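Novice: take this sequence and fold it.
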Amino acid sequence: MNEQERKLRDEILEDAKRKAERALTRGKREAAKVREQAATEQQAERDNALQRAGDRAEAQGRAILATVDQEVRRGRLIAREEVVTRCLDEALAAARSLPPAEAQESLGELLSEAVAAFGPGPLTVRVHPTAAAAFSAERLTALGLAPESLEVVPDESVVDGLVAASPDGLRQFDNTYATRCKRLRERLRTLLADGIEF
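Specialist: Numbering: from 1, shown residues only. Have a look, this model is predicted:
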């Protein structure tokens, strides 16, 4: 091989080497771009996964808070009902254990309410036999009632208080302590629901 051929071979090799280095540099740049793009896509996918997980956690948190709020409201309602029941039970027990003089006064007030509910005219009043004495003519007169317009009927089923009715029995006013407590229970529930907080 002569000098010229060697030179030509060296030039060809040098040219091939430069082309290979350029191709290698280009390949490295493209690989870096692919790595960067893959990293960007991977980061985006990670961010999306984190966002979805965050959204799920937030939704679960809201559901848990809603459940907790419901349980708190339920607990308050139960507590209110227990307070109302305890108060009314104690009031009923106190009313049923009044001393005789106070029991007579209470019956007089219950009768006055019944007469006011019916208005003027004859009335039949059912009371427990032990309470019938509280409706003597003198007592009725003292209450401002006409004894002749009232018929007092002893009735074992009326435990406390009284039940008034029109003579034909079509209208009735239950003014026993137990029934008054039932009516009062509804009023107390309304009062508690309207803003008495505890």
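
Novice: who are the packing partners of the lengthiest helix in the chain?
Specialist: Assignment by DSSP state H gives helix 3-96 as the longest helix of the chain. Applying 3 or more Cβ pairs under 8 Å, 6 or more residues apart in numbering; DSSP states H and E, one finds that helix 3-96 contacts helix 177-193. For every residue, glycine as well, the C-beta is placed using N, CA and C.

Novice: looks like residue 117 contacts residue 172 (just checking).
Specialist: No: Residue 117 is beyond contact range of residue 172, at 10.1 Å (criterion: Cβ atoms under 8 Å).

Novice: between those two, which contacts overlap?
Specialist: residue 164 (Cβ atoms under 8 Å, 6 or more residues apart in numbering).

Novice: could you list the domains of the protein?
Specialist: 1-97, 100-193 (automatic domain parsing).

Novice: tell me the contacts of residue 59?
Specialist: Residue 59 sits next to no residue when contact means Cβ under 8 Å, 6+ apart.

Novice: against residue 11, how distant is it?
Specialist: Going from residue 59 to residue 11 by Cβ to Cβ, to the nearest Å gives 71 Å.

Novice: swap in residue 171?
Specialist: For residue 171 relative to residue 11 (Cβ to Cβ), the value is 129 Å.

Novice: gap between the helix or strand of the chain with the lowest mean pLDDT and the chain center?
Specialist: In the chain, no helix or strand scores lower on mean pLDDT, DSSP states H and E than helix 137-142, which sits at a mean of 79. Helix 137-142 sits 50 Å away from the centroid of its parent chain (Cα atoms, centre = their mean, to the nearest Å).

Novice: go through that helix and flag the buried ones.
Specialist: Neighbour counts over helix 137-142 (16 or more other Cβ atoms under 10 Å) mark 139-140 as buried.

Novice: which residues does it contact?
Specialist: Helix 137-142 is contacted from outside by 104, 108, 146-147, 150, using Cβ under 8 Å, 6+ apart.

Novice: hmm, try it at 10 Å
Specialist: With contacts defined as Cβ atoms under 10 Å, 6 or more residues apart in numbering, helix 137-142 is touched by 104, 107-108, 111, 115, 125, 133-134, 136, 145-150, 152.

Novice: which among those end up buried?
Specialist: Buried, going by 16+ other Cβ under 10 Å: 104, 107-108, 111, 115, 125, 134, 145, 150, 152, out of the contacts of helix 137-142.

Novice: residue 176: which of the residues you listed is nearest?
Specialist: Of all the buried ones among the contacts of helix 137-142, residue 107 has the smallest distance to residue 176: 10.8 Å, by Cβ to Cβ.

Novice: which residue sits closest to the closest one, ignoring its sequence neighbours?
Specialist: Computed as Cβ to Cβ, 6 or more residues apart in numbering, the closest residue to residue 107 that is not its neighbour in sequence is residue 134, at 4.7 Å.

Novice: which SS state does the one you found fall under?
Specialist: What DSSP: H, G, I helix; E, B strand; the rest coil gives for residue 134 is helix.
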